[in-house]
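> Next come a sequence and a model predicted from it.
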Amino acid sequence: MADAGYDDWLAAIADVAEQGSAARETQSRDGEGYYLACPDGHGSLPPRRSCPHCASDELTEESLAETGEIVTFTEVHVPAPSFADEAPYVTAIASFGPVRLTGVVRDVPRSDVELGMKVSPDVDVNATTGEQVLVFRPADE
Amino acid sequence: MNDVRIAGVGLTTFGRYPERTGRDLFAEAALAARDEAGISREDYDEVHYGNFMGELAEGQGHQGPVVAEAAGLDCPATRYESACASAGVAFRQAVQTIRGGGADVVLVGGMERMNNLGTSEVTRSLAIAADELFEVRAGVTFPGAYALMARAYFDEFGGDNEDLAHIAVKNHANAMTNEYAQFHREITVEDALESPVVADPLTLYDACPITDGASAVVLVSGDYADENGLDAPVRVAGSGQGGDKAALQDREYLAQTPAATKAAEMAYADAAISPDDVDVAEVHDCFTIAEVLALESLGFYEPGEGIGAAARGETTSDGDLPVNLSGGLKAKGHPVGATGTAQVVEMTKLLRGDHANSDAVPDARVGVTHNAGGTVASAVVHVLEVMN
């Protein structure tokens, strides 16, 4: 099932990760991770028709920062069926300035995950469902 | 504005009844409440009913008429869905309807059937109260969501698992004498700390159980109560509701619950009281950390100060402000869509003096109930008062 707006947003994050930072610097708006911003600078994620913070309908796509910082996380031991083959896994909320994202932390042992850790968003496959999942990987220092 | 009084209350015993239908659970609670109220069937104007996951658990939508019939009533019936705050929202709508003159007698309650699903399916079902696109697809379960809040709280304000364990110990102790509670088993801080991790930092004993059950309340206008000589000594003095962004990531605060703060401020203003006037509280402790956030939103503690309340003995049954004398969601159980009105049932009995734990608050005149949905994207607070 397609989810217009959300799918495009996820695809943009997937593209940017595939292309790497060298390609990203020369890219136009196409193929970059993005968020929605209103004139007052509030951030939100699509699909949106108005800013959830101030109701402005003048939303523009702005580049999502390449790295964010984990503000909280949990290691889930009792999963929903759609994550049965992933457990235990770490889900985190990371701040990218005007927006926060929620994703599954990959490529780092649980014991090394900590608050303040720098991460980059990417899209990977949920091992249980085969569906796309937003993930965070440790950012290059 | 019409006064709203509580004419009757009813509960099922909370527990595991995988074979019992939702309509039968609700009928038991509703008939108990109707029996206590003693109001003739013809006088019921409406049924307001809370239920969260009936489509998933029983394949049953449109539950209003189903449960009204089960309760022996023939009147308009509406179901409210607001996750774990479903019955609290239904209660508030019933209060507002009577206050506005739209009804004199309303049966309000809630029901949830959960144990006919396994733990895994229940986990999936509860998760639908989170944001599907941005949370559920990233692996957020309900314990996981509260774990995210707990870690943010520890980081911002301090506190630890031992503080949370004291809340579980308190609520299990309170449930010991409550015949309607799911658990009658005292636990120790060590038991809680050694229990298996569900979503770190939360463990099994930080979480409420999976519960089947129902609750019901008969609300009447003050005029109806007086004209019919009803024994309805508890009135609904204040009502408030607050909302927040659905997903945690979109909230201003990860370690505070402003929706509940707004609901509390609204309910206190409505009742013309302050937090200092509250004698006893039933709060939504779906996870131990949720009790902490509730105490702070209700104005009993500043943000960051509520975490140690149970450990310091301030919210225990012999403390200055007993919280969750019923056992709370933690030990009484949490049939999700029934919890909001179950809290009202427990509080009504505590104030009337016929609750198993009324002796802990013999002079209580003002009680507060706090019911939250999702990660407190919905919150409902009510103030109940004993009539002079």
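Yes, it's here. Numbering: from 1, shown residues only, chains lettered A, B, ... in the order given.

> Strands of the stretch 251-388 of chain B, residue ranges please.
Using DSSP state E, counting those that start in this stretch, the strands of the stretch 251-388 of chain B run over residues B:280-282, B:366-373, B:378-386.

> which parts of the second one are buried?
Just to be clear, that refers to strand B:366-373. For strand B:366-373, burial by neighbour count (16 or more other Cβ atoms under 10 Å in any protein chain shown) applies to B:Val366, B:Gly367, B:Val368, B:Thr369, B:His370, B:Asn371, B:Ala372, B:Gly373. Every residue, glycine included, has its C-beta placed from N, CA and C.

> Residue numbers of chain A in contact with chain B?
Those residues of chain A that sit near chain B, judged by Cβ under 8 Å from any Cβ of the partner chain, are A:3, A:6, A:44-45, A:52, A:71-84, A:86, A:89, A:91, A:93, A:99-104, A:115, A:131, A:133-134.

> what helix or strand is A:Pro121 on?
When elements are assigned from DSSP states H and E, A:Pro121 belongs to strand A:118-125.

> Quick one: mean pLDDT for that strand?
For strand A:118-125, the mean pLDDT works out to 96.

> Sheet partners, orientation included, of that strand?
Neighbouring strands of strand A:118-125 in its sheet, by DSSP bridges, are strand A:68-76 (antiparallel), strand A:132-138 (antiparallel).

> contact partners of it?
Applying Cβ atoms under 8 Å, 6 or more residues apart in numbering or on different chains, the contact partners of strand A:118-125 are A:10-11, A:13-14, A:17, A:33, A:64, A:66-70, A:92, A:94, A:96, A:101, A:103-106, A:131-141.

> what's around the residue in the stretch 1-150 of chain B positioned nearest to chain A, how many residues?
Here the stretch 1-150 of chain B gets closest to chain A at one residue, B:Ala147, 3.6 Å apart by Cβ to the nearest Cβ. Neighbours of B:Ala147 under the rule other Cβ atoms under 10 Å in any protein chain shown: 29.

> where does the chain dip in pLDDT?
I went with chain A, as the question did not name one. A:17-31, A:141 (pLDDT under 70).

> okay, now the domains of it?
Split into domains by automatic domain parsing, chain A comes to A:6-63, A:68-138.

> and the closest residue to A:Arg106 other than its chain neighbours, what does it touch?
Closest residue to A:Arg106 apart from its sequence neighbours, by Cβ to Cβ, 6 or more residues apart in numbering or on different chains: A:Val135 at 4.6 Å. If a contact means Cβ under 8 Å, 6+ apart, then A:Val135 has A:Gly103, A:Val104, A:Val105, A:Arg106, A:Pro121, A:Asp122, A:Val123, A:Asp124 as its contacts.

> Could you work out the most separated pair of these?
Taking Cβ to Cβ, the two most distant members of the contacts of A:Val135 are A:Val105 and A:Val123; they sit 13.9 Å apart.

> Between the two, which is the more surrounded one?
Using other Cβ under 10 Å as the criterion, A:Val105 and A:Val123 rank with A:Val105 on top: 24 against 19.

> Can you name the residue of the stretch 201-350 of chain B nearest chain A?
For the stretch 201-350 of chain B, Cβ to the nearest Cβ, closest residue to chain A: B:Gln249, 4.0 Å.

> how much space between that residue and B:Ala214?
Computed as Cβ to Cβ, to the nearest Å, the B:Gln249 to B:Ala214 distance reads 34 Å.

> Could you check which of those two has the larger neighbour count?
Using other Cβ under 10 Å as the criterion, B:Gln249 and B:Ala214 rank with B:Ala214 on top: 36 against 24.

> So the more buried one: helix, strand or coil?
strand (DSSP: H, G, I helix; E, B strand; the rest coil).

> Look up which residues are beta-bridged to it.
With DSSP bridges as the rule, B:Ala214 is bridged to B:Met111.

> Can you tell me how far it is from B:Pro65?
16 Å.

> Of all the helices and strands in chain B, which has the lowest average confidence?
Sorting the helices and strands of chain B by mean pLDDT, DSSP states H and E puts helix B:119-127 at the bottom, at a mean of 92.

> before we move on, the earlier item: deepest-packed of the strands paired with strand A:118-125, please.
Neighbour counts (mean count of other Cβ atoms under 10 Å in any protein chain shown) averaged over each of the strands paired with strand A:118-125 peak at strand A:68-76, with a mean of 24.

> Pull that one out as PDB, backbone CA atoms only.
These are the backbone C-alpha positions of strand A:68-76, laid out as PDB (Å, rounded to 0.1, in the frame of the first residue of the first chain):
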ATOM      1  CA  GLY A  68      21.300  14.300  14.200                       C
ATOM      2  CA  GLU A  69      21.800  13.600  17.900                       C
ATOM      3  CA  ILE A  70      20.000  10.900  19.900                       C
ATOM      4  CA  VAL A  71      17.800  12.500  22.600                       C
ATOM      5  CA  THR A  72      16.300   9.300  23.900                       C
ATOM      6  CA  PHE A  73      16.300   5.600  23.100                       C
ATOM      7  CA  THR A  74      15.100   2.200  24.300                       C
ATOM      8  CA  GLU A  75      16.100  -1.300  23.600                       C
ATOM      9  CA  VAL A  76      12.800  -3.200  22.900                       C
END
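
> That one: how far from the chain's middle?
Remark: strand A:68-76 is offset 12 Å from the chain centroid, using Cα atoms, centre = their mean, to the nearest Å.

> Stretch B:149-161 too?
That offset, for stretch B:149-161, works out to 24 Å (Cα atoms, centre = their mean).

> any idea of the mean pLDDT for that stretch?
What stretch B:149-161 shows for mean pLDDT is 98.

> buried sites along that stretch?
Buried, per 16+ other Cβ under 10 Å, within stretch B:149-161: B:Met149, B:Ala150, B:Arg151, B:Ala152, B:Tyr153, B:Phe154, B:Glu156, B:Phe157, B:Gly159, B:Asn161.

> ok, now stretch B:225-232?
In terms of neighbour count (16+ other Cβ under 10 Å), stretch B:225-232 has its buried residues at B:Ala225, B:Asn228, B:Leu230, B:Ala232.

> how would you label the last one: helix, strand or coil?
Reducing the assignment at B:Ala232 to three states with three-state DSSP gives coil.

> Is it in contact with B:Val4, as I believe?
No - between B:Ala232 and B:Val4 there is no contact under Cβ atoms under 8 Å: 9.7 Å.

> what do the two both touch?
Overlap of the contact sets of B:Ala232 and B:Val4 (by Cβ under 8 Å, 6+ apart) consists of B:Val220.

> Just give me the neighbour total for residue 6.
No chain was given, so I picked chain A. Using other Cβ under 10 Å, A:Tyr6 has 16 other residues around it.

> Oops, wrong one, chain B.
By other Cβ under 10 Å, 26 other residues sit near B:Ile6.

> what sits opposite the residue nearest to it when sequence neighbours are not counted in the beta ladder?
Take B:Ile6 and drop its neighbours on the chain: the residue closest to it by Cβ to Cβ, 6+ apart is B:Val234, 4.6 Å away. Per DSSP bridges, the residues bridged to B:Val234 are B:Ile6, B:Val386.

> Can you give me the neighbour number for B:Val234?
B:Val234 has 22 nearby residues by other Cβ under 10 Å.
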